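**Student:** starting from these lines, generate the structure:
(one chain, ligands or ions: 1)
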Amino acid sequence: MYRQPTIYLNFLTSKAKASLFQNPNPTIMKTLHCRDAGFDCEAVVKATTEEEVLNQAAVHAQTVHGVTVTPELAAGIKSLIRDEPA
Ligand SMILES: [Zn+2]
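**Tutor:** Coordinates of the predicted model:
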């Protein structure tokens, strides 16, 4: 019973290290939930910058939903991006 908390802490530590390596701010990621854009879809795009979220969302929309992201759509998507813990 006493081993489980140790394993959990080890997992958190390695995850925190991975985040530090990729992100100058290790706790917050720019996050877009695909369903917030009106799709019946559980995909979540996370990146360190809004621009990267938009890039990944554009690829996702095109490949998964067959939707081309126009500048107007991109502006709408940008307003849906939130800050969430990594
Ligand atoms: Zn989607």
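**Student:** need the phi and psi values for the residue nearest to V69 when sequence neighbours are not counted.
**Tutor:** Excluding its sequence neighbours, the residue lying closest to V69 (CB to CB, 6 or more residues apart in numbering) is A58, at 4.1 Å. All C-beta spots, glycine's among them, are computed from the backbone N, C-alpha and C. Taking degrees, to the nearest 10, you get phi -60, psi -40 for the backbone angles of A58.
**Student:** surely A58 meets V67?
**Tutor:** No. Look at A58 against V67 with CB atoms under 8 Å: they stay out of range, at 9.0 Å.
**Student:** with neighbour numbers in mind, choose between these two.
**Tutor:** Using other CB atoms under 10 Å as the criterion, A58 and V67 rank with A58 on top: 18 against 15.
**Student:** follow-up on the earlier one: report pLDDT for the residue nearest to V69.
**Tutor:** We have a pLDDT of 96 for A58.
**Student:** how close does the closest residue to D83 other than its chain neighbours get to N55?
**Tutor:** Of all residues not flanking D83 in the chain, I28 sits nearest, at 4.9 Å (CB to CB, 6+ apart). I28 sits 19 Å away from N55, going by CB to CB, to the nearest Å.
**Student:** related to what we said a few turns ago, got the contact list for the residue nearest to D83?
**Tutor:** Neighbour list for I28: D83, E84, P85, A86 [criterion: CB atoms under 8 Å, 6 or more residues apart in numbering].
**Student:** in those, find the pair that's most separated.
**Tutor:** Of all pairs drawn from the contacts of I28, the greatest distance, 10.3 Å, lies between D83 and A86 (CB to CB).
**Student:** perfect, that will be all.
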